[in-house]
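**Student:** coords please:
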Amino acid sequence: MHYRLRAEGEDARLGVVIAKRFARRAVDRNLVRRLARENFRRLRAALDSRDLILRLILRPGDFDRRALAEEIKALLGRVRLRPRH
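**Tutor:** Down below sits the predicted model:
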């Protein structure tokens with residue numbers, strides 16, 4: 001998860017990057033994107049004004065929907081809890 005602060009009062013934005021080398025099948029890449037967008041949508045009101053980029057950097061062993069959703073939720077929660085600089 002990478003992030004950059006935005007101007008005060010602007011909404012948070014999300015970008016998702018999933019390389020083919022980490023998720024060969026389009027179905028798997030789309031699953032990660034859908035889960036990321038859904039969790040972001042739910043937490044958007046609680047997030048500060050930031051540009052967020054979620055980037056897959058390891059090949060998951062299996063694409064367990066619940067495990068992926070929990071990990072994405074935890075990442076977004078950590079960004080939400082960080083103090084502003």
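**Student:** what's in contact with stretch 44-60?
**Tutor:** Stretch 44-60 is contacted by residues 1-19, 21-23, 32, 36, 40, 68, 72, 75-76, 79-80, 84 when judged by Cβ atoms under 8 Å, 6 or more residues apart in numbering. For the C-beta atoms, the positions are set from N, CA and C on the backbone; glycine is no exception.
**Student:** go through those and flag which are in helices.
**Tutor:** Per DSSP state H, helices hold the following members of these: V32, A36, F40, L68, I72, L75, L76, V79, R80.
**Student:** next, give me the two most distant ones among these.
**Tutor:** V32 and R80 (19.9 Å; Cβ to Cβ).
**Student:** which one of these two has more residues nearby?
**Tutor:** More neighbours surround V32 than the other of V32 and R80, with 22 against 13 (other Cβ atoms under 10 Å).
**Student:** what's the burial count for V17?
**Tutor:** Using other Cβ under 10 Å, the number of residues around V17 comes to 13.
**Student:** name the helix or strand for I53, please.
**Tutor:** Under the assignment given by DSSP states H and E, the secondary-structure element containing I53 is strand 50-55.
**Student:** which ones among the contacts of stretch 44-60 lie within strands?
**Tutor:** Secondary structure of the contacts of stretch 44-60 is defined by DSSP state E; positions in strands are H2, Y3, R4, L5, R13, L14, G15, V16, V17.
**Student:** the residue nearest to the spatial centre of the chain and E8, how far apart?
**Tutor:** Against the mean C-alpha coordinate of the chain, by Cα atoms, centre = their mean, the closest residue is L54 at 4.1 Å. The spacing between L54 and E8, counted by Cβ to Cβ, to the nearest Å, is 23 Å.
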